[in-house]
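>>> Using only what follows, build the 3D model:
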Amino acid sequence: MRNCLEARALNYIIAVRCYPNIKRSIYGLKNWVEICDGIDVCEFIHYSAQKGAKPRRHFVVRKRIERRPEAGGKLLFEDLPEYRYSSCVTNLELPVVQIWNLYNGRADYENRIKELKQDFGLESFCLKDFWATEASFRWIMVAYNLMMFFQHARLNQGRIRTLKTLKSQCFAIGAWTSDHARKTVLKLSLPHKKRPWMDAIARNIEQLNFPIQFSNA
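Model prediction:
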């Protein structure tokens with residue numbers, strides 16, 4: 001992938017696995033730069049033993065578990081159990097602080113990709129025809145964007161939930177229909193504590209101005 005990006009003259013920041021040779025380089029790093037409380041960054045140049053391989057600039061993030069208990073990364077060293085580490089390779093020539101700002105701003109992308117794979121089946125289809133595969137992929141993205149729109153516009157609770165969580169909270173609910181005053185009424189089986197929350201969602205949906213115009217043509 002890096003060779004393809006370089007051939008197209010594109011800048012990149014790509015997460016990499018910490019293989020033994022990378023771990024040795026990380027262990028020897030000394031000039032850590034503190035970005036914020038509990039997070040330090042550093043860099044090194046890795047020279048691969050593979051013939052014809054170019055030197056690569058590695059960007060390393062070190063997170064103190066005591067200060068950042070929920071931070072991502074991996075425990076790499078038994079004698080340094082207080083830190084989690086993550087490493088990226090980049091061709092950017094910016095200072096490490098600026099690289100951190102760029103990477104941190106899009107770090108949640110990996111979680112979104114993971115959700116697409118696990119909850120929306122992004123990896124579980126491969127059709128015989130290429131264009132059919134592309135169409136399936138695009139419809140998965142439509143479904144994902146609709147769920148994101150639903151959460152931002154109607155749930156409005158300040159945090160994003162996965163589809164698995166939404167199924168149990170909003171969609172996988174016992175229900176039945178009945179006729180009342182010449183209208184069909186949908187009745188949901190909800191505990192009393194959850195009814196105000198669901199009523200608020202229903203009211204929000206009634207007030208929804210969908211940002212797409214549908215045509216009957």
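
>>> out of everything not next to it in sequence, what's closest to residue 46?
Closest residue to residue 46 apart from its sequence neighbours, by C-beta to C-beta, 6 or more residues apart in numbering: residue 56 at 4.9 Å. (Each C-beta comes from the backbone N, C-alpha and C, glycine too.)

>>> For the one you found, grab the count of nearby residues.
Residue 56 has 17 neighbouring residues, counting by other C-beta atoms under 10 Å.

>>> Surely it is in contact with residue 89?
Yes - using C-beta atoms under 8 Å, residue 56 is in contact with residue 89, at 4.9 Å.

>>> And the residue nearest to residue 46, its phi and psi?
phi -120, psi 140 (degrees, to the nearest 10).

>>> quick one: contacts for it?
Going by C-beta atoms under 8 Å, 6 or more residues apart in numbering, residue 56 touches 2, 45, 46, 48, 89.

>>> tell me which of those residues is nearest to residue 32?
Residue 32 lies nearest to residue 45 out of the contacts of residue 56, by C-beta to C-beta, at 16.3 Å.

>>> how about the CA coordinates for the longest helix that the chain contains, as PDB?
Counting by DSSP state H, the longest helix found in the chain is helix 130-150. The C-alpha trace of helix 130-150 is given here as PDB (Å, rounded to 0.1, in the frame of the first residue of the first chain):
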ATOM      1  CA  PHE A 130     -17.700  -6.700  -9.800                       C
ATOM      2  CA  TRP A 131     -20.400  -4.100 -10.200                       C
ATOM      3  CA  ALA A 132     -22.800  -6.200  -8.100                       C
ATOM      4  CA  THR A 133     -20.100  -6.200  -5.300                       C
ATOM      5  CA  GLU A 134     -19.700  -2.500  -5.600                       C
ATOM      6  CA  ALA A 135     -23.500  -1.900  -5.400                       C
ATOM      7  CA  SER A 136     -23.700  -4.100  -2.300                       C
ATOM      8  CA  PHE A 137     -20.800  -2.100  -0.700                       C
ATOM      9  CA  ARG A 138     -22.600   1.200  -1.500                       C
ATOM     10  CA  TRP A 139     -25.800   0.000   0.000                       C
ATOM     11  CA  ILE A 140     -24.000  -1.000   3.200                       C
ATOM     12  CA  MET A 141     -22.600   2.500   3.300                       C
ATOM     13  CA  VAL A 142     -26.100   3.900   2.800                       C
ATOM     14  CA  ALA A 143     -27.400   1.800   5.800                       C
ATOM     15  CA  TYR A 144     -24.400   3.000   7.900                       C
ATOM     16  CA  ASN A 145     -25.000   6.700   7.100                       C
ATOM     17  CA  LEU A 146     -28.700   6.300   7.800                       C
ATOM     18  CA  MET A 147     -27.900   4.900  11.300                       C
ATOM     19  CA  MET A 148     -25.500   7.800  11.900                       C
ATOM     20  CA  PHE A 149     -28.100  10.300  10.800                       C
ATOM     21  CA  PHE A 150     -30.600   8.700  13.100                       C
END
